[in-house]
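Visitor: build the 3D model from these lines:
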Amino acid sequence: MKPGPIVIVDYGMGNLRSVQKAFEKNGARAIVTADPRQIERAGKIVLPGVGAFTHAMRELKKRRLAAPLRRKILSGTPYLGLCLGLQLLFDRSEEGARVAGLGVIPGRVRKFRTDLKVPHMGWNTVSTRKGCPLFKGASRGDHFYFVHSYFGDPEDKTWIAGRTRYGRQFCSAVWKGNVFATQFHPEKSQTAGLRLIRNFVRYEAS
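Guide: Next comes the predicted model:
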């Protein structure tokens, strides 16, 4: 059976066109949709986003996207979360403690508590976990673009695929099985970011 398309989930938050263009630069067709049926048929799922955790989860639920999205992730469909798309995988966030996340990763999204300027904005490096398919071909000097005030803190540290230092060391990428997500924006990270997206395009779940 022919695999389904790469689906970029539209829930009204994030620069979807810039993410779509990053896939197109890698020769991949990715469709932007808010249709739950398209998510059900997806071969791979991309969840971008910029903004507040609470508002994002409410939009996903209002558009009837949260349940099929979680179902597809847990069924083994390759998933790539970008920025807020990483945070939404967690149980809860300090940004909106009363609103539950997708609950794929046990843990909480925490606010930066540092003397440095928040949000953490600009270029920074990522110390990556060996063997993560998303970072294939990456080098220690690669810089990625960040804009965020919160970061995911998984209870099970084996989820952590990348760490970054900003006042303190924090989890900047996660990976387990078919689930990949980055706190930074690969679509804004030039060559290093495009390589990461290419790796996701080429990734085949075992």
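
Visitor: can you pull out the low-pLDDT segments for this structure?
Guide: Judged against pLDDT under 70, the low-scoring parts of the chain cover residues 1-2, 97, 206.

Visitor: center of this protein - which residue?
Guide: G81 (1.8 Å; Cα atoms, centre = their mean).

Visitor: residue boundaries of the strands in the chain?
Guide: 6-9, 30-33, 44-47, 79-82, 90-93, 105-111, 120-125, 127-128, 143-148, 150-154, 160-166, 168-176, 179-182 (DSSP state E).

Visitor: K21 is nearest to which of those strands?
Guide: If you check each of the strands of the chain against K21 by Cβ to Cβ, strand 30-33 wins as the nearest, at 9.4 Å. Yep, even glycine has a C-beta here, placed from its N, CA and C like the rest.

Visitor: list the helices and strands the closest one packs on?
Guide: Using 3 or more Cβ pairs under 8 Å, 6 or more residues apart in numbering; DSSP states H and E as the contact definition, the elements that strand 30-33 packs against are strand 6-9, helix 16-25.

Visitor: so what touches that strand?
Guide: Residues lying outside strand 30-33 but in contact with it, judged by Cβ atoms under 8 Å, 6 or more residues apart in numbering, are 5-10, 16-17, 19-20, 23-24, 38-39, 46.

Visitor: follow-up on the earlier one: and the strands of the chain as TSV, adding distance to Q190?
Guide: Listed next are the strands of the chain as TSV, based on distance: least, Cβ to Cβ, whole Å:
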stretch	distance to Q190
strand 6-9	20
strand 30-33	19
strand 44-47	19
strand 79-82	15
strand 90-93	28
strand 105-111	27
strand 120-125	10
strand 127-128	17
strand 143-148	8
strand 150-154	22
strand 160-166	17
strand 168-176	17
strand 179-182	14
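
Visitor: out of those, which gets nearest to S189?
Guide: strand 143-148 (4.4 Å).

Visitor: list the buried residues for that closest one?
Guide: Going by neighbour count (16 or more other Cβ atoms under 10 Å), the buried part of strand 143-148 is 144-146, 148.

Visitor: can you dump the C-alpha coordinates of the lengthiest helix in the chain into PDB?
Guide: Taking DSSP state H as the assignment, the helix of the chain that covers the most residues is helix 190-202. Coordinates of the C-alpha atoms in helix 190-202 are reproduced here as PDB (Å, rounded to 0.1, in the frame of the first residue of the first chain):
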ATOM      1  CA  GLN A 190      19.400  27.400   7.500                       C
ATOM      2  CA  THR A 191      21.600  24.500   6.300                       C
ATOM      3  CA  ALA A 192      21.600  22.600   9.600                       C
ATOM      4  CA  GLY A 193      17.800  22.800   9.900                       C
ATOM      5  CA  LEU A 194      17.200  21.700   6.300                       C
ATOM      6  CA  ARG A 195      19.400  18.700   6.900                       C
ATOM      7  CA  LEU A 196      17.300  17.800   9.900                       C
ATOM      8  CA  ILE A 197      14.100  18.000   7.900                       C
ATOM      9  CA  ARG A 198      15.600  16.000   5.100                       C
ATOM     10  CA  ASN A 199      16.500  13.300   7.700                       C
ATOM     11  CA  PHE A 200      12.800  13.200   8.800                       C
ATOM     12  CA  VAL A 201      11.700  13.000   5.200                       C
ATOM     13  CA  ARG A 202      14.000  10.000   4.600                       C
END
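
Visitor: thank you, goodbye.
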